[in-house]
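next one to model:
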Amino acid sequence: MKEEKVRIRVRLTEEEKEKLERNSALCGLTQSEYVRQLCRGIHPKPKPPDVFWRLMDELYKAHSDLKECAKYEPSALELCAEIERLVLDLQEVI
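Numbering: from 1, shown residues only. Model (predicted):
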């Protein structure tokens with residue numbers, strides 16, 4: 001069963017309000033969801049910029065292409081492994 005939500009009111013300084021607005025927007029969350037996550041002990045991370053996802057797409061494509069090349073040039077598998085490590089490192093950061 002879904003829990004009923006309770007409305008609360010909070011007074012903030014102008015500076016605190018701006019910080020809440022800025023931080024929730026950076027994370028791609030509503031202010032309510034941002035505060036809910038903080039209350040659950042989750043520290044929301046900023047949403048990566050679109051250029052990050054374009055980079056990831058290019059890395060996946062390069063990996064796929066190199067795997068195809070590996071049929072003819074086995075040394076391409078070393079580059080595939082390097083790309084896989086890079087992707088895992090990038091995923092940890094976000």
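
over to Pro44. Which of the three states is it?
Of the three states, Pro44 takes coil under DSSP: H, G, I helix; E, B strand; the rest coil.

that should have said Pro48, apologies.
The local conformation at Pro48, judged by three-state DSSP, is coil.

quick check: closest non-adjacent residue to it.
Distances taken as Cβ to Cβ, 6 or more residues apart in numbering put Ile94 closest to Pro48, at 5.1 Å, once the chain neighbours are dropped. Placement of C-beta: from N, CA and C, glycine included.

in stretch 69-77, what counts as buried?
Going by neighbour count (16 or more other Cβ atoms under 10 Å), the buried part of stretch 69-77 is Ala76.

so what touches that stretch?
Leu66, Lys67, Cys80 (Cβ atoms under 8 Å, 6 or more residues apart in numbering).

mind checking how far the residue nearest to Pro48 is from Pro74?
32 Å (Cβ to Cβ, to the nearest Å).

could you list the domains of this protein?
Using automatic domain parsing, the domain parsing of the chain gives 10-47, 50-93.

mean pLDDT and distance to Lys2 added to the ones you listed, as a markdown table?
As requested, the domains of the chain are exported to a markdown table (pLDDT from 0 to 100; distance: least, Cβ to Cβ, whole Å):
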| stretch | mean pLDDT | distance to Lys2 |
| --- | --- | --- |
| domain 10-47 | 97 | 14 |
| domain 50-93 | 93 | 31 |
